[in-house]
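J.: Give the three-dimensional model of this entry:
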Amino acid sequence: MINTITLNPSLDYIVKVDSFKVDKLNRTEEEQIYAGGKGINVSIVLTNLGVENKALGYVAGFTGDEILRQVKNHDVDCDFIKLENGISRINVKLKSDGETEINGSGPEITEDNLKALFEKLSHLEKGDYLVLSGSIPGSVPDDIYEKIMSRLLEKGVEFVVDATKDLLLKVLKYKPFFIKPNHHELAEMFNVTLESDDDIIKYGKKLQEMGAKNVLISMAGDGAILLPENGNPIKREVPKGTLKNSVGAGDSMVAGFICGYLKNNDINEAFKMGIATGSASAFSDELATKEQVNDLLKQMK
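T.: Purely as a prediction, here's the structure:
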């Protein structure tokens, strides 16, 4: 079973305004409301691809109810913890001459709430996968990912981590099966400028030396580089298409990689599936569907 965790999900309120003006009345041209959160995105895409999974995390208030409603409408199996106080955050994304984001802080997560999450995670077994992705809310310890992984390591649970900088670096000692930084995040982790594929491979290997098994570095329109646990680095280009929405593309790549690997334990097949699935979301207004992914797979060598 694959499990995803979204500690601080959101309702993403996306509005488009023609030439936004400060201190003036502005009327929207377009409005969209989506359930947001990297783990939620992974769960939705896995479900779209026909892979059984369960979404875990926290929700609160009327916004939490709407998040659950939307996620369940995607036929995702949810097991979120409902908090008694506060509301799940609302993130505002304003598209006008430029793009502005205002992210909410989310509800407070107490020690008892954390114990409830650990109780749910205690039922994971050998061979299960746990996807830890995204930032963490300020009300939980900054080593929460470490605490989760240390408790499950001896059970034989496989970890997939998609996080930035210290949040990722500190969990490499638990030997995650798969991590997916992008090239900007990789450069930030080591405070360097990456000028070539060789540079990306060099620092990707450092992540392996620190404990990661399979490292996939995404590079947007320039494709991606995979450093497999066993074997030489592999680079793949992205299929042709028109970029419509980059939000969720990285999460879709994670879902596609997992789906591809589970088919026959082939890491190259996983890489190919990850590229196709990430691209399918990037070329669509919503998250990738199985049909879109299959169409792109036909293009790829």
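
J.: Domain map for the chain?
T.: For the chain, automatic domain parsing gives the domain ranges 1-20+28-162, 177-301.

J.: just so I have it, where are all the strands in the stretch 51-200 of the chain?
T.: All strands of the stretch 51-200 of the chain, identified by DSSP state E, counting those that start in this stretch, fall at 53-60, 77-83, 89-95, 99-103, 129-133, 158-162, 178-179.

J.: closest one to residue 169 among the domains of the chain?
T.: domain 177-301 (6.2 Å; C-beta to C-beta). All C-beta atoms are positioned from the backbone trio N, CA, C, and that covers glycine.

J.: Give the residue spans of this protein that score low on pLDDT.
T.: Residue ranges of the chain with pLDDT under 70: 301.

J.: Please enumerate the helices of it.
T.: 38-48, 61-73, 111-121, 144-152, 165-169, 183-190, 197-209, 249-264, 267-282, 290-299 (DSSP state H).

J.: which of these sits most buried?
T.: Among those, helix 38-48 has the highest mean neighbour count (mean count of other C-beta atoms under 10 Å), at a mean of 28.

J.: Contacts for it, please.
T.: 2, 4-6, 9, 52-57, 67, 71, 74-76, 131-134, 162, 248, 250-252, 254-256, 258-259, 277, 281, 287-290 (C-beta atoms under 8 Å, 6 or more residues apart in numbering).

J.: hmm, try it at 6 Å
T.: For helix 38-48, contacts defined as C-beta atoms under 6 Å, 6 or more residues apart in numbering pick out 4-6, 9, 53, 55, 71, 74-76, 131, 133-134, 248, 251-252, 254-255, 287-290.

J.: Derive a PyMOL selection command for the buried subset of those.
T.: A single PyMOL command selects the buried members of those (16 or more other C-beta atoms under 10 Å):
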select buried, resi 4+5+6+9+53+55+71+74+76+131+133+134+248+251+252+254+255+287+288+289+290
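
J.: thinking again about what came up before, turn the helices of the chain into JSON lines, including distance to residue 243.
T.: Formatted as JSON lines, the helices of the chain follow (distance: least, C-beta to C-beta, whole Å):
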{"stretch": "helix 38-48", "distance to residue 243": "17"}
{"stretch": "helix 61-73", "distance to residue 243": "24"}
{"stretch": "helix 111-121", "distance to residue 243": "36"}
{"stretch": "helix 144-152", "distance to residue 243": "31"}
{"stretch": "helix 165-169", "distance to residue 243": "26"}
{"stretch": "helix 183-190", "distance to residue 243": "17"}
{"stretch": "helix 197-209", "distance to residue 243": "21"}
{"stretch": "helix 249-264", "distance to residue 243": "9"}
{"stretch": "helix 267-282", "distance to residue 243": "6"}
{"stretch": "helix 290-299", "distance to residue 243": "14"}
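
J.: Mind checking those helices for the one nearest to residue 82?
T.: Taking C-beta to C-beta, helix 61-73 is the member of the helices of the chain nearest to residue 82, at 6.7 Å.

J.: who are the neighbours of that closest one, in terms of helices and strands?
T.: strand 28-36 (3 or more C-beta pairs under 6 Å, 6 or more residues apart in numbering; DSSP states H and E).

J.: Next, the buried residues of the strand it packs on.
T.: For strand 28-36, a neighbour-count test (16+ other C-beta under 10 Å) marks 34-36 as buried.

J.: now swap in stretch 94-104 and tell me
T.: Quick answer for stretch 94-104 (16+ other C-beta under 10 Å): 94-95, 104.

J.: What of stretch 153-167?
T.: 157-164, 167.

J.: Now the terminal residues of stretch 161-170, how far apart.
T.: This stretch, stretch 161-170, spans 11 Å end to end (C-alpha to C-alpha, to the nearest Å).

J.: Identify the residues contacting that stretch?
T.: Residues from elsewhere that reach stretch 161-170, judged by C-beta under 6 Å, 6+ apart: 132-133, 146, 171, 176, 179-180, 185, 188-189, 254.

J.: In contact with residue 28, which residues?
T.: 15, 17.

J.: go with 10 Å
T.: Under the criterion of C-beta atoms under 10 Å, 6 or more residues apart in numbering, the neighbours of residue 28 are 14-18, 94-95.
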